[in-house]
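Participant: pasting the structure only:
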């Protein structure tokens, strides 16, 4: 997996490319995009990705090591220092205006968490709303049984929350930080069963009834 860092803006500020890469990595560590213990790519990988010499990338790692941002282990690689924490910075939170439906959902959220009984305590059986099922011949039975056995052995039988499985959301957040440079955590990620479910929910939350919506052309026609 490649490490994605936007160094274009840094190249405008610094004369040499190795300086731009150094400051990009340093700022990513400060911002918490690269957390403590994260293994950085090899000098060969970064040199190929950013079209630099391995010597220049090695110089960048040496500078980070001297400044205490990383630690090096012979034969294992270079890792972000565990002693560093995300830089404290205050940013004004951007709150998107919600539709009337979204406001009602937001107001009811806390109340529902308190009043809704756990699923296993409900007297009525759960209703299966699946319209169709995957054909049995296409279902990965072996992998599915192996996964079920692993979960059973772990002793974890709790249902995931409405936002989706926490471990999966944490993995997605880590992937976004590493490959897209997006600073996010699991609490900001919601899993959907499909793209249309996500589009529908976002539209209901953000677009008031009767409001005009502008779509790109070309774009996804299924949203219209």
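Facilitator: That came through fine. The structure presented is a predicted model; accordingly, all values stated were derived computationally and were not measured.

Participant: For residue 167, grab the count of nearby residues.
Facilitator: Residues lying near residue 167 (other Cβ atoms under 10 Å) number 11. Placement of C-beta: from N, CA and C, glycine included.

Participant: What helix or strand is it located in?
Facilitator: For residue 167, the host element (DSSP states H and E) is helix 166-180.

Participant: measure the closest residue in space to residue 17 that isn't next to it in sequence to residue 58 for me?
Facilitator: Once flanking residues are discounted, residue 17 sits nearest to residue 52: 5.8 Å by Cβ to Cβ, 6 or more residues apart in numbering. As judged by Cβ to Cβ, to the nearest Å, residue 52 and residue 58 stand 10 Å apart.

Participant: rewinding a little: look up the pLDDT of the residue nearest to residue 17 for me, please.
Facilitator: Residue-level confidence at residue 52 comes out at 90, pLDDT.

Participant: Would you list the phi and psi of it?
Facilitator: When read as degrees, to the nearest 10, the backbone of residue 52 gives phi -130, psi 170.

Participant: Same check on residue 144?
Facilitator: With angles defined as degrees, to the nearest 10, residue 144 sits at phi -60, psi -50.

Participant: what's the neighbour count on it?
Facilitator: The tally of other residues near residue 144 (other Cβ under 10 Å) stands at 10.

Participant: Which pLDDT value goes with it?
Facilitator: Value for residue 144, per-residue pLDDT: 81.

Participant: who has more neighbours, residue 52 and residue 58?
Facilitator: Neighbour count, other Cβ under 10 Å: between residue 52 and residue 58, residue 52 has more, with 19 against 16.

Participant: so that one makes contact with residue 21?
Facilitator: Yes: counting by Cβ atoms under 8 Å, residue 52 does reach residue 21; the two are 7.1 Å apart.

Participant: okay, and the common contacts of these two?
Facilitator: residue 46 (Cβ atoms under 8 Å, 6 or more residues apart in numbering).

Participant: Low-confidence regions, this protein specifically.
Facilitator: Low-confidence segments of the chain (pLDDT under 70): 1-2, 84-94, 108-136, 155-160, 181.

Participant: Mind doing that once more with 80?
Facilitator: By pLDDT under 80, the weakly predicted segments of the chain are 1-4, 6, 32, 83-96, 98, 101-139, 148, 151-161, 177-184, 221-224.

Participant: in the chain, which residue is closest to the centre?
Facilitator: Closest residue to the average C-alpha location of the chain: residue 173 at 2.0 Å, with Cα atoms, centre = their mean.

Participant: ok, the residue lying closest to it once chain neighbours are set aside - contacts?
Facilitator: Among residues not flanking residue 173 along the chain, residue 184 sits closest, at 4.9 Å (Cβ to Cβ, 6+ apart). By Cβ under 8 Å, 6+ apart, residue 184 lies in contact with 173, 176, 177.

Participant: Throw those residues into CSV and include distance to residue 209, thanks.
Facilitator: Shown next, in CSV, are the contacts of residue 184 (distance: Cβ to Cβ, whole Å):
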residue, distance to residue 209
173, 33
176, 32
177, 37
